[in-house]
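got a sequence here, can you build the structure:
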Amino acid sequence: QVQVVESGGGLVEAGASLRLSCAASGRTFTIFRLGWFRQAPGKEREFVATITWSGDSTAYADSVKGRFTISRDNAKNTVYLEMNSLTPEDTAVYYCAASQTKSWFRFADINLYDYWGQGTQVTVSS
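Numbers count the residues shown, from 1 in each chain. Model (predicted):
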């Protein structure tokens, strides 16, 4: 089993920055990648960014590319999502998820991920 716990959400103004953290525990050696997803009210959960547990591969949704950066600290079993130039459209609950499947192409597929956190709210005011 793997557990992931998000933290770092909050209420900020447009243009501000936030850093989310995702701490993994349990059988972390089984993790192939961690991903960030988000879900706004009335919308489906969508892919934001992902990083392999080794840290050698990252990918981003087009909507956040150039503004968000995903990174990891394996010594702390933690993945970070640095979010800059936030807009009200970034308002959502942000979820961290861990995948044990070695897939290089399906990283945006929600069904690829086996373990999910409880989510952390990010609200961006205009």
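
so where's this structure shaky on pLDDT?
Within the chain, no range satisfies pLDDT under 70.

what ranges do the strands span in it?
2-7, 10-13, 18-26, 33-39, 46-52, 58-60, 68-73, 78-83, 92-99, 115-116, 120-125 (DSSP state E).

the fifth one - contacts with which helices or strands?
I take that to be strand 46-52. Applying 3 or more Cβ pairs under 8 Å, 6 or more residues apart in numbering; DSSP states H and E, one finds that strand 46-52 contacts strand 33-39, strand 58-60, strand 68-73, strand 78-83. Where you see a C-beta, it was placed from the backbone N, CA and C, and this is true even at glycine.

angle of it against strand 18-26?
60 degrees (axes from the mean of the first three to the mean of the last three Cα atoms, to 10 degrees).

mind listing what's buried in strand 46-52?
By 16 or more other Cβ atoms under 10 Å, the buried positions in strand 46-52 come out as 47-52.

most packed of the helices and strands packed on strand 46-52?
Highest mean neighbour count of the helices and strands packed on strand 46-52: strand 33-39, a mean of 24 (counted as mean count of other Cβ atoms under 10 Å).

can you list the strands that it pairs with?
Strand 33-39 sits in its sheet next to strand 46-52 (antiparallel), strand 92-99 (antiparallel), going by DSSP bridges.

and the contacts of the first one?
Okay, so that is strand 46-52. 32-39, 57-61, 64, 68, 70-72, 79, 81, 94, 107-110 (Cβ atoms under 8 Å, 6 or more residues apart in numbering).

what angle separates that strand from strand 68-73?
40 degrees.

distance from the chain centre to strand 46-52, please.
6 Å (Cα atoms, centre = their mean, to the nearest Å).
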